[in-house]
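**Q** no sequence for this one, just the structure:
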């Protein structure tokens, strides 16, 4: 019997039992869609991870951290200690940056500095995390902008605002912000200049009047009145360079951050805190400023990924904390593999039920077509052709169910992404993501399930006795 004849007979048999065929196909549709949607949730998380790694320097990037800035220096690099020390602090300073750049296979080293700032505009104020870095490092982060551009280096300071910065502002009079009133401040972050204070603690302590003095009453101390100058917190005017894309409901890794040019920030900080310790910077045991500017961390870029582990180990041996995106990605991959296995297993239960439905449909078809099977056997149809005929019917059910199941899964995935934005739960991309290769794979898997489910009914049809089948009523 030719293949075209087998296809024609198989399709006509399925058409004769439309309702049963529809219900069986429906089971495969639900099973296929369940697996695809469940796996797509894990793929969405994995895709968000890859995007985050790409924005933070890729797999050839190493983040190097030293001692916490703001701690007291105990010898080591302080002036007047003769070079002796009880404990040498590992700071990210200019000397370390130069040393790291001289390591073989290191392409470049970029310092990054973070500090808390206070922003003022009219009746509003808000605190934010300021991240200062070199222009080329900012550019490599591939930040999507809603308006404006990246901060430009120069004498004036420019801020690039994260899309969630408006939610951090509150009214000074009422001390109520967005999460209390659900009203955003009347500020155009793309165009309005505002004041920035680099020492919020000093500002909020009441030292916000120029040349304020701290006085001690001689009647209370018994000594002459003493005065100690306390410099006020200066307000600097900053202009916006741009705003990061995304509304306040779309969370991303830049959500509550403000970015600026590192060199411009350093110039202002050295001027503002001349002779004083810059907030977040280390100091000597006597309370004097550390002679070199200390960065929060350094971003080390390696030429090839195979050299990352060796260089990371070398820097660890120097006493610094090291984080690599490759290590982070490997750790997260194993977790995502478990998540995808669990989600896929949940969906597989539905497809297993569908496979039982296919087997039941094919077995019922055999009992109803016993006489037909006997007749075609007597007419000389081979057992192989009978087996192929029933397997084709089962495969067709699996293929049709897989095709429609994929269409249904895309509909469900789109609905999930519409109702629940990935940024709302901490993802930089859609919560559900279906790659193109999953379509043929899932269809092939559904078809395979149909064939396996129809194997034993087909074998049962082969074993029927022709004479008994013909006598069957």
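**A** The structure has been received and is ready for your questions. As the structure is a computational prediction, the values presented were derived from the model and not from experiment.
**Q** Please count neighbours and contacts with C-alpha atoms only from this point.
**A** OK.
**Q** list the contacts for residue 14?
**A** 21, 393 (CA atoms under 8 Å, 6 or more residues apart in numbering).
**Q** Doesn't it belong to a strand?
**A** No. Counting by DSSP: H, G, I helix; E, B strand; the rest coil, residue 14 is not found in a strand; it is helix.
**Q** Got the confidence number for it?
**A** Note for residue 14: predicted pLDDT of 73.
**Q** Give me the distance between it and residue 4.
**A** 16 Å (CA to CA, to the nearest Å).
**Q** Likewise for residue 454?
**A** In terms of CA to CA, residue 454 sits 20 Å off from residue 4.
**Q** if you count what's nearby, which of these two comes out ahead?
**A** It is residue 454, of residue 454 and residue 4, that has more neighbours when counted by other CA atoms under 10 Å, with 28 against 9.
**Q** which ones are touching the more buried one?
**A** By CA under 8 Å, 6+ apart, residue 454 lies in contact with 358-359, 362, 390-391, 394-395.
**Q** can you rerun that using 7 Å?
**A** By CA atoms under 7 Å, 6 or more residues apart in numbering, the residues touching residue 454 are 358-359, 362, 390-391, 394.
**Q** Domains in the chain, by residue range?
**A** What automatic domain parsing lists as the domains of the chain is 3-51+332-471, 61-198+233-303.
**Q** can you redo those domains as JSON lines with distance to residue 322?
**A** Output for these, formatted as JSON lines (distance: least, CA to CA, whole Å):
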{"stretch": "domain 3-51+332-471", "distance to residue 322": "17"}
{"stretch": "domain 61-198+233-303", "distance to residue 322": "5"}
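**Q** hey, least reliable of those domains by pLDDT?
**A** domain 3-51+332-471 has the lowest average pLDDT among the domains of the chain, namely a mean of 77.
**Q** can you give me the offset of it from its chain's centre?
**A** Centroid separation for domain 3-51+332-471 versus its chain: 33 Å, with CA atoms, centre = their mean, to the nearest Å.
**Q** same thing with stretch 264-283?
**A** So, by CA atoms, centre = their mean, the centroid of stretch 264-283 is 34 Å from its chain's centroid.
**Q** what about it, start to end distance?
**A** Termini of stretch 264-283 sit 22 Å apart (CA to CA).
**Q** May I see the buried residues of it?
**A** With burial defined by 16 or more other CA atoms under 10 Å, the residues of stretch 264-283 counted as buried are 264-265, 268, 272-273, 277-283.
**Q** on that earlier part again, next step: the contacts of residue 454 restricted to helices.
**A** Among those, the ones falling in helices (DSSP state H) are 358-359, 362, 390-391, 394.
**Q** Tell me where this structure has helices.
**A** Under DSSP H, the chain gives helices at 3-16, 18-55, 94-101, 135-140, 178-181, 200-204, 218-221, 262-272, 308-317, 325-368, 370-378, 383-419, 438-462, 466-471.
**Q** quick one: contacts of the fifth one?
**A** Read it as helix 178-181. Under CA under 7 Å, 6+ apart, the answer for helix 178-181 is 167, 170, 184.
**Q** which residue packs closest to the first one, ignoring adjacent ones?
**A** Looking back up the chat, that one is residue 167. residue 178 (5.3 Å; CA to CA, 6 or more residues apart in numbering).
**Q** And the second one, by the same measure?
**A** Once flanking residues are discounted, residue 170 sits nearest to residue 177: 3.8 Å by CA to CA, 6+ apart.
**Q** Quick one: neighbours of the one you found, just the number.
**A** Neighbours of residue 177 (other CA under 10 Å): 21.
**Q** before we move on, the earlier item: relative to residue 118, which of the helices of the chain is closest?
**A** Nearest of these to residue 118, taken as CA to CA: helix 200-204 at 5.7 Å.
**Q** by contact count, what packs against that closest one?
**A** Using 3 or more CA pairs under 7 Å, 6 or more residues apart in numbering; DSSP states H and E as the contact test, no helix or strand touches helix 200-204.
**Q** what about that helix, average pLDDT?
**A** 80.
**Q** Can you point out the buried residues in that helix?
**A** Across helix 200-204, burial judged by 16+ other CA under 10 Å covers 200, 202-203.
**Q** could the residues you listed be laid out in a markdown table, adding distance to residue 45?
**A** Shown next, in a markdown table, are the buried residues of helix 200-204 (distance: CA to CA, whole Å):
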| residue | distance to residue 45 |
| --- | --- |
| 200 | 37 |
| 202 | 42 |
| 203 | 42 |
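**Q** Nearest to residue 415 among those?
**A** residue 200 (44.6 Å).
**Q** Surely that closest one and residue 118 touch.
**A** Yes. With contact defined as CA atoms under 7 Å, residue 200 and residue 118 form a contacting pair (5.7 Å).
**Q** can you give me the strands in the stretch 51-200 of the chain?
**A** Per DSSP state E, counting those that start in this stretch, the stretch 51-200 of the chain carries strands over the ranges 61-65, 72-73, 106-121, 124-133, 145-148, 158-161, 169-171, 194-197.
**Q** Quick one: work out the angle between the first one and helix 94-101.
**A** It refers to strand 61-65. 150 degrees (axes from the mean of the first three to the mean of the last three CA atoms, to 10 degrees).
**Q** Strand 61-65 pairs with which strands, and in what direction?
**A** Next to strand 61-65 in the sheet, as set by DSSP bridges, lie strand 297-302 (antiparallel), strand 321-324 (antiparallel).
**Q** What are the contacting residues of stretch 117-136?
**A** For stretch 117-136, the external contacting residues (CA under 7 Å, 6+ apart) are 110-116, 168-172, 194-200, 256-262.
**Q** Buried residues, it. List them.
**A** Those would be 117-121, 124-128, 130-135, for stretch 117-136 by 16+ other CA under 10 Å.
**Q** from the buried residues of stretch 264-283, which single one is nearest residue 150?
**A** For these, the nearest to residue 150 is residue 264 (13.5 Å; CA to CA).
**Q** distance of the closest one from residue 153?
**A** Residue 264 is 6 Å from residue 153, by CA to CA.
**Q** so what's residue 111 up against?
**A** Counting by CA under 7 Å, 6+ apart, residue 111 has contacts 133, 295, 297-299.
**Q** what pairs with it across the strands?
**A** Beta bridges link residue 111 to residue 298, judged by DSSP bridges.
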